[in-house]
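K.L.:
here's my sequence, what's the structure:
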Amino acid sequence: MPKPKATPDPSTSTTAAPVTRSVARAYISAPVRRDLWIAAAGRCEFRGCCKPVDRDFLTKKAKSVVGEFAHIIADSPAGARGVPGLSEKLAADPSNLMLACFDCHSRIDRHGQSNEFTAEQLRAMKRDHEARIEFMYSATGVEESMPVVMSFPVGAHVPVIDVRHIQHAMLTNSGFKRFPTAGSVHIDQSNFFLQDNEPDFWGNAQRALTQQYEQRILPELVARKGAVHLTIAGFAPIPMLMKLGALVGDKTPAAVMDLPNEKWLWDTRDACPEPSYTFTVPPALPREISVVVSISGRAQHPAGRDVVEFHAVAPGRGIIRKESHVQQFRTSFNAFLQQLFAAGARVLHLHPATPLSASIEIGRTLLPKAFEEVHIWEWQAPEWKPALRLK
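P.N.:
Residues are numbered from 1 along each chain as shown. Presented below is the predicted three-dimensional model:
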């Protein structure tokens, strides 16, 4: 039997192991590593990344630590942004270190002195990331909210909604006081097999949405005994947005989002114009009427019934730009519905030109009212066509 080969003893090997750059790097003490990890919340500080570095990105194993400590001013004068004298001085200074994932550390260090990122840019990334983390953990009055996202095709347009954008907008819009729950519900019907100009679309779409609500949203409300806040974002034909609002109702607390800017972020300008609404309801109305709602544009008046209009003083796209605008619309429209009911209306035919958020809020507001029937129509030029019956 041949003798097994002996395992070489590293201590006596005559072949020197290759010296990597990490061996020569300055020692970073455990307290500095700990404090930096805490300040960064265990996430990559490179702007736009923010990946958690306490787990393997592919296997998701939590015990795999993949965070690295990147130097803003390299710890060697020959490295990226290295400066003789300053590199040695700042080699273990926490103000000169960023927590980074492997990929972003490579971005920061590659090409040495020819690296494209300046020290000022990296300091700004570090400062902004750590300030955001501190702000998040210092917020008071924090509540959890479950994202509910819905998408249906609008004509030939196929919407693509990234739930991560919704989660980011929830945090940003609320000043980090409304946090998304770990789970979310995305009713993604963007590739629905029918378009909204086909006669079978409305019945099939309504059944699909109702089924998704009963299987995915309602169990959450039941499990928490209604004690769950929802953040609702939808991109779909107006009648489908109203249907979602009607399913949720106004008993469940919810924040409804819109798209005045990119990625569902509200307008933060001080000079953002405030919308206002007007309506005139006669003292007496027939039992069945048409209601025209002109918010995002002027809706055509249908023929054949008495018409009452609720409209913005200055209708236009993007009219609802803040969360307070959503509540303002809801309050005004609720007062309008109360006057309709008091005047004797019991069957409503809604003809809407409304933004995303207002459409959902109309559905939520209508549900508890004593109207016997509510029919939603959709404008398909050159005429209105029946879409859904909410009650």
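K.L.:
so Val256 touches Ile360, yeah?
P.N.:
Yes. Counting by Cβ atoms under 8 Å, Val256 touches Ile360, with 4.9 Å between them. Yep, even glycine has a C-beta here, placed from its N, CA and C like the rest.
K.L.:
show me which of the two is the more surrounded one.
P.N.:
Per other Cβ atoms under 10 Å, whichever of Val256 and Ile360 has more neighbours is Ile360, with 31 against 27.
K.L.:
so the more buried one is in which element?
P.N.:
helix 356-366 (DSSP states H and E).
K.L.:
from the chain's centroid, how far away is that helix?
P.N.:
19 Å (Cα atoms, centre = their mean, to the nearest Å).
K.L.:
would you mark the buried spots in it?
P.N.:
Within helix 356-366, the residues scored as buried using 16 or more other Cβ atoms under 10 Å are Leu356, Ser357, Ala358, Ser359, Ile360, Glu361, Ile362, Gly363, Arg364, Thr365, Leu366.
K.L.:
just checking, what packs against that helix?
P.N.:
strand 230-235, helix 238-248, strand 254-256, helix 323-342, strand 347-353 (3 or more Cβ pairs under 8 Å, 6 or more residues apart in numbering; DSSP states H and E).
K.L.:
most packed of these?
P.N.:
Mean neighbour count (mean count of other Cβ atoms under 10 Å) peaks for helix 238-248 among the helices and strands packed on helix 356-366, with a mean of 26.
K.L.:
alpha carbons of it, in PDB - could you do that?
P.N.:
Extracted C-alpha coordinates of helix 238-248, given in PDB (Å, rounded to 0.1, in the frame of the first residue of the first chain):
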ATOM      1  CA  ILE A 238     -60.200  54.500 -12.400                       C
ATOM      2  CA  PRO A 239     -63.100  52.000 -11.800                       C
ATOM      3  CA  MET A 240     -60.700  49.400 -10.600                       C
ATOM      4  CA  LEU A 241     -59.100  51.900  -8.200                       C
ATOM      5  CA  MET A 242     -62.500  52.700  -6.800                       C
ATOM      6  CA  LYS A 243     -63.300  49.000  -6.400                       C
ATOM      7  CA  LEU A 244     -60.100  48.500  -4.400                       C
ATOM      8  CA  GLY A 245     -61.100  51.400  -2.200                       C
ATOM      9  CA  ALA A 246     -64.600  49.900  -1.700                       C
ATOM     10  CA  LEU A 247     -63.100  46.600  -0.700                       C
ATOM     11  CA  VAL A 248     -60.900  48.200   1.900                       C
END
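K.L.:
which element is Glu220 on?
P.N.:
helix 218-223.
K.L.:
now do the helices in this structure.
P.N.:
21-24, 30-40, 86-89, 102-109, 119-138, 163-173, 201-212, 218-223, 238-248, 323-342, 356-366 (DSSP state H).
K.L.:
which of the ones you listed sits closest to Ala156?
P.N.:
helix 201-212 (13.0 Å; Cβ to Cβ).
K.L.:
what's the closest one in contact with?
P.N.:
Helix 201-212 is contacted from outside by 150, 152, 185, 187, 189, 192-196, 239-240, 243-244, 247, 387-388, using Cβ atoms under 8 Å, 6 or more residues apart in numbering.
K.L.:
about what we covered before: any residues in contact with both of Val256 and Ile360?
P.N.:
Between them, Val256 and Ile360 share the contacting residues Ile232, Gly245, judged by Cβ under 8 Å, 6+ apart.
K.L.:
related to what we said a few turns ago, just the buried residues of the contacts of helix 201-212.
P.N.:
150, 152, 185, 187, 189, 192, 196, 239-240, 243-244, 247, 387-388.
K.L.:
what residues does stretch 325-334 touch?
P.N.:
By Cβ under 8 Å, 6+ apart, the residues outside stretch 325-334 that reach it are 255-256, 258, 274-275, 277, 293, 295, 310, 319-320, 357-358, 361-362, 364-365.
K.L.:
measure stretch 344-363 end to end?
P.N.:
Stretch 344-363 has an end-to-end distance of 20 Å (Cα to Cα, to the nearest Å).
K.L.:
before we move on, the earlier item: need the CA coordinates for the helix holding Glu220. CSV is fine.
P.N.:
In CSV, the C-alpha atoms belonging to helix 218-223 read as follows (Å, rounded to 0.1, in the frame of the first residue of the first chain):
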residue,chain,number,x,y,z
LEU,A,218,-58.7,40.2,4.5
PRO,A,219,-56.8,37.5,6.4
GLU,A,220,-54.3,40.1,7.6
LEU,A,221,-57.2,42.3,8.9
VAL,A,222,-58.9,39.3,10.6
ALA,A,223,-55.7,38.0,12.1
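K.L.:
that one - what's its average pLDDT?
P.N.:
Average pLDDT, helix 218-223: 90.
K.L.:
please apply the same query to stretch 84-102.
P.N.:
Rounded mean pLDDT across stretch 84-102 is 94.
K.L.:
same question, stretch 296-311
P.N.:
The pLDDT scores in stretch 296-311 average 95.
K.L.:
for that stretch, what is the distance to the chain centroid?
P.N.:
33 Å.
K.L.:
give the buried residues for it.
P.N.:
Ser296, Gly297, Ala299, Pro302, Val308, Glu309, Phe310, His311.
K.L.:
again, but for stretch 33-48
P.N.:
Applying 16+ other Cβ under 10 Å to stretch 33-48 flags Arg33, Leu36, Trp37, Ala39, Ala40, Ala41, Gly42, Arg43, Cys44, Glu45, Phe46 as buried.
K.L.:
repeat for stretch 257-272
P.N.:
Result for stretch 257-272 [16+ other Cβ under 10 Å]: buried residues Met257, Asp258, Leu259, Pro260, Trp264, Leu265, Trp266, Asp267.
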